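# Provide a 3D model corresponding to the input given below.
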Amino acid sequence: MSEIAALRSEMAAMRTQMETGVKPTAPSPSGDGSEIVAVQIEIAQLVKSIAKAKAEIAAIKHPMSEGDRLLDASNELDAIVQATEMATHNILEAAENIEKEAANLAGLCHEDQDVIAATERIVGQVVRVLEASNFQDITGQRINKVVQTVRFIEQRVLAMIDIWGVEAFEALPLPISGGAGGTDDDLLNGPQLENQGISQADIDALFD
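Model (predicted):
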């Protein structure tokens, strides 16, 4: 029990040193003080590492913050996939319509070789568009892998928060969102996610 009491005393002295900067008194000459000093150093490094880890976690996902950077990143990536799928669908539909119109034009002007040659060139370019549209499958797969990684990180962060408890983050500052004051950086957020931001109805209401 005396060894545990001594270790607690050393830890209390170490905490005082970290909070006030006052160096603790040297260990008693009796016994091997070098082992206590070594434990002191290890514990101090561990405490600093834990504090740094908590600060980093709070910067990413503060349990008391309304914002969630990991969730926002995941939603943005999902929105990219959806927007890319929609754009690719429109491109493919337009390319197919162009190909049909080129075939109709070739049928109407089947005796004009210049028109026939022009329609063939048009169809050739349409084929190139269709082939290039395969990029959506590749980018979609890769973005989905990134989304899975982000969600995995979020799960690990939440697990660490559960281990420490929300109270452990009360003293840590909330992450700063948006650009610096006096600039327009916070206005350059790009397109809003679905069901977020200002709707057209809200804008129309301003002029009523």
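
# tell me the buried residues in the longest helix seen in the chain?
For the chain, the longest helix by residue count, based on DSSP state H, is helix 69-108. Residues of helix 69-108 classed as buried by neighbour count (16 or more other C-beta atoms under 10 Å): 69-70, 73-75, 79, 81, 84, 88, 95, 99, 102, 105-106. All C-beta atoms are positioned from the backbone trio N, CA, C, and that covers glycine.

# just curious, which of those is nearest to Leu46?
The closest of the buried residues of helix 69-108 to Leu46 turns out to be Leu70 (C-beta to C-beta; 26.3 Å).

# so what pLDDT did the closest one get?
Leu70 carries a pLDDT value of 78.

# where does Ser65 fall, secondary structure wise?
In this assignment (DSSP states H and E), Ser65 forms part of neither any helix nor any strand.

# just Arg128 next, same as before
With DSSP H and E as the test, Arg128 turns up in helix 113-132.

# if we go by neighbour counts, what in that helix is buried?
Those buried within helix 113-132 under the rule 16+ other C-beta under 10 Å are Thr119, Ile122, Val126.

# and the angle for that helix with helix 69-108?
Compare the direction of helix 113-132 with that of helix 69-108 by axes from the mean of the first three to the mean of the last three C-alpha atoms, to 10 degrees and you get 160 degrees.
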